[in-house]
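K.L.:
Attaching a predicted model along with its sequence, questions to come.
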Amino acid sequence: MKIIAISSIAAFLLSAVAYSQSTITGTFPALNNQHIKLIGFEGFTTYTIDSVRANDKGLFTLSYGKKDYGMAYLVSEDDKPFIVILSDEDIELKGEALSYPEIIEILKGKQNQLFEKYATEHPRREQALSAWDFLAKIYRLDSLFVCHEKPKKAIETETLRIKEEDQTFLETLDPGSYVSWFLPVRKLVSSVPTIAQYRTEEIPSAIIAFRGMDYTDNRLYKSGLLRETIEAHVWLIENSGRSLDSVFIEMNVSIDYLIDNLVQDEKKFNQVTDYLFKLLEKRSLFTSSEYLALKILNEKSCNINADLAAQLESYSAMKVGNTAPDFAFTGDYFAPGYGTGRSPQKLSDLKSRFTVVVFGASWCPQCPEELYRIARLNEKWKQYGVEVVFVSLDDDKQVYKNFAGIFPFISMCDYQKWDSPVVKSWHVFATPTMYLLDNKLKIVLRPKSVMQMDSWVDWYLVKGNQ
């Protein structure tokens, strides 16, 4: 009986430790009777940790557990967030409303107090550094001031003092605390625009810092900084003053670092590479997105998410420079402007200098708007030797005819949707998808929008004819 009793007590104690909760208590009179939520970060998404209604005096208490440790924010019905650090400590706040952070007192919670102190002081130091940097350039470059050594030395001394003061604060933090990890990362990410514009000598060290980060560290996924870290890394390389070729070289080096780090964790590997691939495509950094695609496809130590794999296979098979598969105009087919018996029977029959092939459907939210834009630009494009072919993924005959029948360009539909041989042979996985081909079906461009395609026409064809 004693053994059973001791085992039961031990199990209870272990359970209590596993499910122990910390609390956030707040007193905000302006939030009386409002719903308050505590929102946590998980990679690229957020989730609700706890929610409660404040009493008529604006008092509330929220709970969180160990799995929630990291950055989070409190949000009320007026949707104004207040950032907090969740760790193994209770937090007590007092103020009027979350929308007035400058008058919120952190009565309890040491890490949050340190976070507030740095969040208040660091931007002021950065402003001062920017001002001193501006003066330093004047005293270094302007002939009126360049001969004055004393103020130049004073500027250098004060700049160094500010940097050391900031670094000392970070170094005195408990190395085991979340705030000691978070603040340097936040500092790096937030300083990127300033470094790129005013402190360009720091660009190489900042890029090295991004490459040296551990992208499998769970603290990053709980920080709310995962998206910003990846975007800041890419943006800094892109805006580092290098030639485009050099940008791609540096970007590919960073991709190598990232992949080598992420292969340790398959789930995070898929999450981050998927986001990075889309980001590179969005920013038209196609050379690097192609490099990333091939790098991922050749990585044998991780299983690639099926959706991502399909997307990357598409990119590999249908990359710029490859020859697109020819296809016959089967099913229901409209060829406006071609007389009876003169309609082309397949893609390679077209005699235009270039062809834009568009995959879309009436049910695709973005497709109608994009196709109507193409319809308005069709005459201009055709004038400069660009013909349009629309391949519809519709599966209803009447819907397709009503939708595509008004377009002034070639369109076809075999009503097989994603199972269409054309769709499969072109590795299409999303709509709308566009390809620009030359007269030998070589892929010249993968436009991400009609605007991008029209800009290409203006730059390479209209301007080239002037």
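P.N.:
That came in fine, so what should we check first? Numbers count the residues shown, from 1 in each chain.
K.L.:
which intervals of the stretch 351-466 of the chain have sub-threshold pLDDT?
P.N.:
464-466 (pLDDT under 70).
K.L.:
Show me where the stretch 51-200 of the chain has its strands.
P.N.:
For the stretch 51-200 of the chain, applying DSSP state E, counting those that start in this stretch gives strands covering 59-64, 70-75, 81-86, 91-94, 105-108.
K.L.:
from the middle of its chain, how far away would the second one be?
P.N.:
Counting by C-alpha atoms, centre = their mean, to the nearest Å, strand 70-75 is centred 20 Å from the centre of its parent chain.
K.L.:
so for it, what's the average pLDDT?
P.N.:
For strand 70-75, mean pLDDT is 96.
K.L.:
Show me what that strand is packed against.
P.N.:
On a contact count with 3 or more C-beta pairs under 8 Å, 6 or more residues apart in numbering; DSSP states H and E, strand 70-75 meets strand 35-42, strand 81-86. Bear in mind the C-beta positions are built from the backbone N, C-alpha and C, glycine included.
K.L.:
Neighbouring strands - and their directions - for it?
P.N.:
Partners of strand 70-75 in the sheet, by DSSP bridges, are strand 35-42 (antiparallel), strand 81-86 (antiparallel).
K.L.:
List the buried residues of the first one.
P.N.:
Of all the residues in strand 35-42, those buried under the rule 16 or more other C-beta atoms under 10 Å are 36, 37, 38, 39, 40, 41.
K.L.:
Distance from the chain centre to that strand, please.
P.N.:
With C-alpha atoms, centre = their mean, you get 21 Å for strand 35-42.
K.L.:
now swap in stretch 233-247 and tell me
P.N.:
With C-alpha atoms, centre = their mean, you get 17 Å for stretch 233-247.
K.L.:
Could you do stretch 398-409 as well?
P.N.:
36 Å.
K.L.:
So which residues make contact with that stretch?
P.N.:
Residues from elsewhere that reach stretch 398-409 (C-beta atoms under 8 Å, 6 or more residues apart in numbering): 332, 334, 336-337, 362, 368, 371, 374-375, 378-379, 387-390, 392, 394, 411, 413, 415.
K.L.:
Return the subset of those residues lying in strands.
P.N.:
Cross-referencing the contacts of stretch 398-409 against strands under DSSP state E gives 332, 334, 387, 388, 389, 390, 392, 411, 413.
K.L.:
Tell me which residues touch the third one, please.
P.N.:
When you say that, I think you mean residue 387. Residue 387 touches 350, 352, 354, 355, 356, 381, 409, 410, counting by C-beta under 8 Å, 6+ apart.
K.L.:
Between these, which sits nearest residue 196?
P.N.:
Comparing these against residue 196 with C-beta to C-beta picks out residue 356 as the nearest, at 35.3 Å.
K.L.:
was I right about residue 251 contacting residue 286?
P.N.:
No: Residue 251 is not in contact with residue 286 according to C-beta atoms under 8 Å; the separation is 11.1 Å.
K.L.:
okay, the two: which has more neighbours?
P.N.:
Set side by side, residue 251 and residue 286 show more neighbours around residue 251, with 22 against 17, by other C-beta atoms under 10 Å.
K.L.:
Name the nearest residue to that one, ignoring sequence neighbours.
P.N.:
residue 288 (4.2 Å; C-beta to C-beta, 6 or more residues apart in numbering).
K.L.:
Over to residue 257?
P.N.:
residue 211 (4.3 Å).
K.L.:
quick revisit: can you list the helices and strands packed on strand 70-75 in TSV and add distance to residue 300 and mean pLDDT?
P.N.:
Below are the helices and strands packed on strand 70-75 laid out as TSV (distance: least, C-beta to C-beta, whole Å; pLDDT from 0 to 100):
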stretch	distance to residue 300	mean pLDDT
strand 35-42	28	96
strand 81-86	38	95
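K.L.:
closest to residue 48 out of those?
P.N.:
Of the helices and strands packed on strand 70-75, nearest to residue 48 by C-beta to C-beta is strand 35-42, at 5.7 Å.
K.L.:
Taking strand 59-64 as reference, get the angle to the closest one.
P.N.:
Here strand 35-42 runs at an angle of 20 degrees relative to strand 59-64 (axes from the mean of the first three to the mean of the last three C-alpha atoms, to 10 degrees).
K.L.:
Pull out the buried positions in the longest helix along the chain.
P.N.:
Using DSSP state H, we find that the single longest helix of the chain is helix 110-141. Buried residues in helix 110-141, counted by 16+ other C-beta under 10 Å: 111-116, 118, 122, 126, 129, 132, 135-136, 139.
K.L.:
Can I get the residues you listed in JSON lines including distance to residue 243?
P.N.:
Compiled in JSON lines, these are given as follows (distance: C-beta to C-beta, whole Å):
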{"residue": "111", "distance to residue 243": "44"}
{"residue": "112", "distance to residue 243": "45"}
{"residue": "113", "distance to residue 243": "47"}
{"residue": "114", "distance to residue 243": "43"}
{"residue": "115", "distance to residue 243": "40"}
{"residue": "116", "distance to residue 243": "43"}
{"residue": "118", "distance to residue 243": "38"}
{"residue": "122", "distance to residue 243": "34"}
{"residue": "126", "distance to residue 243": "29"}
{"residue": "129", "distance to residue 243": "29"}
{"residue": "132", "distance to residue 243": "31"}
{"residue": "135", "distance to residue 243": "31"}
{"residue": "136", "distance to residue 243": "28"}
{"residue": "139", "distance to residue 243": "31"}
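K.L.:
Return the closest of those residues with respect to residue 71.
P.N.:
For the buried residues of helix 110-141, the nearest to residue 71 is residue 115 (9.1 Å; C-beta to C-beta).
K.L.:
ok, now which ones touch the closest one?
P.N.:
Residue 115 neighbours (C-beta under 8 Å, 6+ apart): 83, 85, 179, 182, 183.
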